[in-house]
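Chemist: Build me a structure from this.
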Amino acid sequence: MSEKRVERRLAAIMAADVAGYSRLMGADEEGTLAALNAIRRELADPMNAEHRGRIVKTTGDGLLIEFASVVDAVRCAVAAQRAMAARNAEIPAARRIEFRIGIHQGDVIVEDGDIFGDGVNLAARLEGLAEPGGICVSGRVRSDAAGKVDVAFDDLGEQQLKNIARPVHVFAIRLGPEGVIVPERAPLELPDKPSLAVLPFQNMSGDPEQEYFADGIVEDITTAIARLPWLFVIARNSSFTYKGKAVDLKQVGRELGVRYVLEGSVRKAGNRVRITGQLIDTTTGAHIWADRFDGALDDIFELQDQVASSVAGAIEPRLRLAEIERAARKPTDSLDAYDLYLRAVAQLHKYTEEGMGEAAILAKRALALDPSYTPAAALASWCRTLQRIQGWGAVSDAKVAEAVSLARQAIEAGRDDPDGLWMAGYTLSILAGETSAAVAAIDRALTLNPNSAPAWSARGWVLAAQTQFARAIEASEQAMRLSPLDPLAWLFAAVLAYTHMAAGRYEEAIEWAERTLQAQPRYVVAMRFKLVCLAHLGRIDEARELLKRVLDLQPGLTIAGWKASYATMSIFTPELLALYVDGLRKAGVPEG
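Modeler: Numbers count the residues shown, from 1 in each chain. Below is the predicted model of the structure:
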């Protein structure tokens with residue numbers, strides 16, 4: 001018995017759906033259904049017949065239509081959107097039915113009158129990129145339709161679409177009145193660094209008096225985020241031109257020339273207020289971060305400060321991760337200093353011996369391209385510091401001296417770069433014992449960006465090394481409060497493990513070391529903290545079992561080798577050094 005042959009054909013596929021369908025149905029279910037039926041009867045069916053389209057299937061809010069010709073598909077879509085615009089002219093904005101349309105040409109599988117395949121999926125994804133009343137097409141469609149239909153095309157660049165393996169070159173059709181070709185206008189170019197606009201927050205309270213509070217929140221957040229020198233932030237006056245308007249975030253991104261938009265809402269009930277926020281990539285529509293904040297209105301201004309600080313602290317690492325992922329997708333032959341730096345950070349976050357070495361190499365490559373690029377100098381110095389304390393690689397005295405030199409360079413050249421300052425300050429404290437210079441650099445970083453969780457953590461390490469344990473704990477807790485999901489949050493917890501160990505609170509130190517290792521199992525520094533504490537508590541069997549894991553990560557560890565490696569570091573006072581070495585010895589670490 002022969003297998004049934006799969007029927008395939010090349011087709012132009014149009015996917016269309018109603019923008020805001022759920023909102024329209026919620027407001028007037030029967031009226032919306034009646035209007036959709038009228039549109040189908042009076043507009044969609046006649047136009048499809050005129051342009052030789054076949055309606056494959058319908059859903060409550062959408063259509064899938066097949067055409068034999070790309071030109072027919074585009075002409076039909078353009079005619080439909082123009083007709084809908086004319087139809088909506090006299091209808092209030094809240095009641096208008098607007099369609100998004102996506103068109104692609106590709107191979108489809110035909111079965112029982114339905115069509116399947118990547119071509120269908122891609123048309124649906126393109127529809128999701130379109131604005132209400134707009135049309136998005138693939139590069140293949142644009143090539144075939146250009147010059148044959150009275151529209152122009154806006155180049156939206158390559159887009160990574162959900163469940164589509166390769167990036168797709170996307171164009172938006174610019175619609176004008178019939179017979180008029182609208183001149184093409186280049187979209188506003190994105191800045192050469194991450195860009196963000198904070199839109200006015202929506203007042204959900206039903207109380208016009210709360211508008212000032214919502215506006216104050218946005219102003220505070222904008223001010224807090226604008227302190228980040230690596231970020232391009234649109235001024236408040238430009239963002240507030242969208243106040244009170246229903247906006248399409250992709251359009252906002254193009255009009256303001258930003259990659260990211262932060263939007264939110266404020267809802268007041270009695271003496272309580274809830275503030276929500278979400279960060280969105282305007283080029284893809286992807287949600288990068290979202291959270292909510294609840295508080296009392298007893299002190300409105302204090303609450304505004306808390307929300308602004310929390311939002312700025314939380315979205316900074318999310319933005320960095322988004323930028324790192326974006327850089328990782330770029331071809332390796334088009335890298336500049338910034339992209340090399342982002343790739344270095346991505347390697348560092350792997351926290352492996354190979355990754356850390358690669359991070360240092362990438363940071364130095366960035367410096368070779370731009371010797372004045374402070375973040376790269378600071379990152380290279382910090383990588384060497386982490387390698388040294390982790391016991392990875394042969395970090396010679398010459399490499400230590402180079403790291404210290406790079407840290408000093410970063411501090412001198414990057415007086416307004418908080419990230420470079422805290423990394424360089426950490427390096428000077430650990431590798432050179434230059435505590436005063438380290439404290440000054442980290443304090444300046446916090447003056448420039450008081451919402452930098454890693455800077456607060458670095459401050460905690462330096463304070464702990466000075467035996468200022470209470471202040472070290474406060475600084476570390478501030479770091480965790482600002483950015484509980486930070487990629488470096490395991491370092492925040494490690495400060496507390498070290499601090500409690502140094503203060504003789506071994507049970508607490510073990511608890512924080514375990515939290516650190518849950519987040520970063522390869523952080524052998526926390527493993528050694530736990531090892532020492534177990535030994536001092538007399539839990540020798542547990543300590544010796546843990547020592548096997550330590551030696552897997554740090555083969556050849558001996559007390560003599562460890563003391564030699566840490567001889568130049570300022571992490572340990574003489575008293576703590578003696579206590580630490582005694583714990584290593586009790587746990588069974590060889591003398592060497």
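Chemist: Lowest average confidence across helices and strands of this protein, where is it?
Modeler: helix 236-239 (a mean of 71; mean pLDDT, DSSP states H and E).
Chemist: Now the element after it, going C-ward?
Modeler: Once the chain leaves helix 236-239, the next helix or strand it forms, by DSSP states H and E, is helix 249-256.
Chemist: which helices and strands sit right next to that following helix?
Modeler: strand 260-269 (3 or more CB pairs under 8 Å, 6 or more residues apart in numbering; DSSP states H and E). C-beta coordinates here come from the backbone N, C-alpha and C atoms, glycine included.
Chemist: Please enumerate residues in contact with the strand it packs on?
Modeler: 194-199, 201-205, 207, 210, 213-214, 217, 221, 225, 249, 252-253, 273-282, 288, 297, 311, 315, 319, 322 (CB atoms under 8 Å, 6 or more residues apart in numbering).
Chemist: Repeat that for stretch 541-549.
Modeler: Against stretch 541-549 from outside (CB under 8 Å, 6+ apart): M527, K530, L531, L534, A535, K586, A587, G588, V589.
Chemist: Return the distance of the third one relative to V589.
Modeler: Here the distance between L531 and V589 works out to 8 Å (CB to CB, to the nearest Å).
Chemist: And for the second one?
Modeler: In this view, K530 and V589 are 13 Å apart by CB to CB.
Chemist: ok so, going back, so of the contacts of strand 260-269, which ones are in strands?
Modeler: 195-198, 202-203, 273-281, 288 (DSSP state E).
Chemist: can you tell me which of those lies nearest to V307?
Modeler: I275 (5.4 Å; CB to CB).
Chemist: got a pLDDT number for that closest one?
Modeler: Model confidence at I275, given as pLDDT, is 85.
Chemist: In this structure it contacts F293, no?
Modeler: Yes - taking CB atoms under 8 Å as the definition, I275 is a contact partner of F293 at 4.6 Å.
Chemist: Common neighbours of these two, please.
Modeler: Contacts common to I275 and F293, judged by CB under 8 Å, 6+ apart, are V307.
Chemist: higher neighbour count, these two?
Modeler: I275 (26 against 18; other CB atoms under 10 Å).
Chemist: Identify the bridge partners of that one.
Modeler: In this entry, I275 is beta-bridged to V266, F293, by DSSP bridges.
Chemist: if I look at it, how far off is K245?
Modeler: In this view, I275 and K245 are 20 Å apart by CB to CB.
Chemist: related to what we said a few turns ago, who wins on neighbours among the ones in strands among the contacts of strand 260-269?
Modeler: Result: V198 is most packed of the ones in strands among the contacts of strand 260-269 (other CB under 10 Å), 28 neighbours.
Chemist: May I ask which helix or strand encompasses the closest residue in space to E514 that isn't next to it in sequence?
Modeler: Among residues not flanking E514 along the chain, K530 sits closest, at 6.9 Å (CB to CB, 6 or more residues apart in numbering). K530 belongs to helix 524-536 when elements are defined using DSSP H and E.
Chemist: Check which helices and strands that helix sits against.
Modeler: With contacts taken as 3+ CB pairs under 8 Å, 6+ apart, helix 524-536 sits against helix 374-390, helix 489-502, helix 506-519, helix 540-553, helix 574-587.
Chemist: Same list, these, but as a markdown table with distance to A366 please.
Modeler: Below are these laid out as a markdown table (distance: least, CB to CB, whole Å):
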| stretch | distance to A366 |
| --- | --- |
| helix 374-390 | 4 |
| helix 489-502 | 22 |
| helix 506-519 | 27 |
| helix 540-553 | 28 |
| helix 574-587 | 36 |
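Chemist: need the ones you listed in a markdown table with mean pLDDT, can you?
Modeler: Converted to a markdown table, these look like this (pLDDT from 0 to 100):
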| stretch | mean pLDDT |
| --- | --- |
| helix 374-390 | 91 |
| helix 489-502 | 92 |
| helix 506-519 | 94 |
| helix 540-553 | 93 |
| helix 574-587 | 91 |
